[in-house]
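Trainee: sequence plus predicted model, see below.
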Amino acid sequence: MITIAVDCMGGDHGPPVTLPACSRFLDQHADVHLILVGLPEAVESYRHARASVVLASEVVTMDDPLEVALRRKKDSSMRVTIAQVKDGKAQAAVSAGNTGALMAISRYLLKTLDGIDRPAIAAQIPNAKGGGTTVLDMGANVDCSAEHLLQFAVMGSALVSVLGGDQSPTVGLLNIGEEAIKGNEVIKKAGELLRTAAKTGDLNFYGNVEGNDIFKGTADIVVCDGFVGNVALKTSEGLAKMIVDFLKTEFSNNLYTKFSAIIAYPVISALKKRMDHRRYNGGALLGLRGLVFKSHGSADEIAFGYALGRAYDAARNNLLERVRVRIAHAAPLLATGGAPVAPVAALQS
């Protein structure tokens, strides 16, 4: 039985979205128990054979400063949710709340894994191959060192191997060009570390990639600092919405375009599905001593269900231990500044 703690109050919509999503998820998965955390008036009356309720007296709002969320609201639904993981009552936590607060509370309560300086947010961006490119960091770390980028690559590799089923996913380093000589000093050093990590079997380094490669699906994983990653995520969301809105408008202008829309419906439907960000909802907060997943704040019932699914898959496939094993083997690269270490025969699968 996989137990997931859910912050039912987080996000733009709260219980009207999270509770129906939880009900649907429970109906779809017989091996799941959910711990629903929220204000009494919101969750106390919820009933399901495989759900329990834990009450909180406060809610972290989307615009609460970190100090308020971390130090003043000590009985918030978000904090109580993360505490379920800390106390061993849940294997993973999901929240659609304030991203900065979620990262701060998670880091404070769960602490980071040995060898990890900064946790990162990993999320998927739809690509032309019909899947998603995993990008990290997505906003937790604006300024990153080369060693941080190596940590992101190793953790991202563990994540994709678990959730994507590929034991050797390719890693690309986001840069202004494919050539190794391009980029600032941090990127150049990160490239050296990643090439060394590839030689020791810690990851499968593709090389430098550019922004358009995220959408092409050139590499399974793209690493970058949080500033760039967040811009890429918001750009992709805006582009997807623009295309979908354009299709709706153009195919409803007159009788001819409406008829054309009927003929082209299978293609339009496939395109909308491919670009639907709800399918990729649920960013992993990697590098913590516990599994935490961040749902988009504006997620609807379907999108929040996908976030629950990613947490479920991560817990079921022991993502935390896989990250721990991978980062433990890559740790000497950080300590030696990139000097080679003995190749690993096989990472824990």
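Mentor: Happy to help now that I have it. In this text, all values refer to a predicted model and were calculated from it rather than measured experimentally.

Trainee: where in this structure is pLDDT low?
Mentor: Along the chain, segments meeting pLDDT under 70 span 244, 247-248, 250-262, 264-265, 267-276, 334-349.

Trainee: residues contacting the residue most central in space within it?
Mentor: Closest to where the C-alpha atoms of the chain average out (CA atoms, centre = their mean) is residue 283, at 1.7 Å. With contact taken as CB atoms under 8 Å, 6 or more residues apart in numbering, residue 283 is in contact with 121-123, 138, 293-295. C-beta: built from backbone N, CA, C; applies to glycine.

Trainee: can you redo those as CSV with secondary structure, distance to residue 323 and neighbour count?
Mentor: Shown next, in CSV, are the contacts of residue 283 (DSSP: H, G, I helix; E, B strand; the rest coil; distance: CB to CB, whole Å; neighbours: other CB atoms under 10 Å):
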residue, secondary structure, distance to residue 323, neighbour count
121, strand, 14, 27
122, strand, 11, 29
123, strand, 16, 25
138, coil, 17, 27
293, strand, 14, 27
294, strand, 16, 28
295, coil, 20, 29
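
Trainee: distance to residue 190 for the residues you listed - can I get that in a markdown table?
Mentor: As requested, the contacts of residue 283 are exported to a markdown table (distance: CB to CB, whole Å):
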| residue | distance to residue 190 |
| --- | --- |
| 121 | 18 |
| 122 | 17 |
| 123 | 20 |
| 138 | 17 |
| 293 | 26 |
| 294 | 24 |
| 295 | 29 |
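
Trainee: what's the closest of these to residue 151?
Mentor: residue 122 (11.7 Å; CB to CB).

Trainee: quick one, what contacts the closest one?
Mentor: 134-138, 152, 155-156, 159, 283-284, 286.

Trainee: same question, residue 35
Mentor: Contacts for residue 35 (CB under 8 Å, 6+ apart) come out as 3-6, 51-54, 81, 84, 89-90.

Trainee: give the next helix or strand downstream of the strand or helix carrying it.
Mentor: Using DSSP states H and E, residue 35 sits in strand 32-38. Per DSSP H and E, the first helix or strand lying C-terminal to strand 32-38 is helix 40-43.

Trainee: need the residues that contact that following helix.
Mentor: In contact with helix 40-43 (CB under 8 Å, 6+ apart) are residues 8-9, 14-15, 19, 36-37, 53, 55.

Trainee: ok, now with 6 Å
Mentor: 8, 15, 36, 53, 55 (CB atoms under 6 Å, 6 or more residues apart in numbering).

Trainee: of the residues you listed, which is the nearest to residue 212?
Mentor: Nearest to residue 212 out of the contacts of helix 40-43 is residue 8 (CB to CB; 38.8 Å).

Trainee: who's in contact with the closest one?
Mentor: Applying CB under 6 Å, 6+ apart to residue 8 gives the contacts 15, 18, 36, 38, 43.

Trainee: one more time with 10 Å, if that's ok
Mentor: By CB atoms under 10 Å, 6 or more residues apart in numbering, the contact set of residue 8 is 14-15, 17-19, 21-22, 34-39, 42-43, 46, 53-54, 56, 59, 77, 81, 94-96.

Trainee: what is the burial count for the closest residue to it other than its chain neighbours?
Mentor: Leaving out its chain neighbours, the residue that sits closest to residue 8 by CB to CB, 6 or more residues apart in numbering is residue 38, at 3.8 Å. When neighbours are counted by other CB atoms under 10 Å, residue 38 registers 26.
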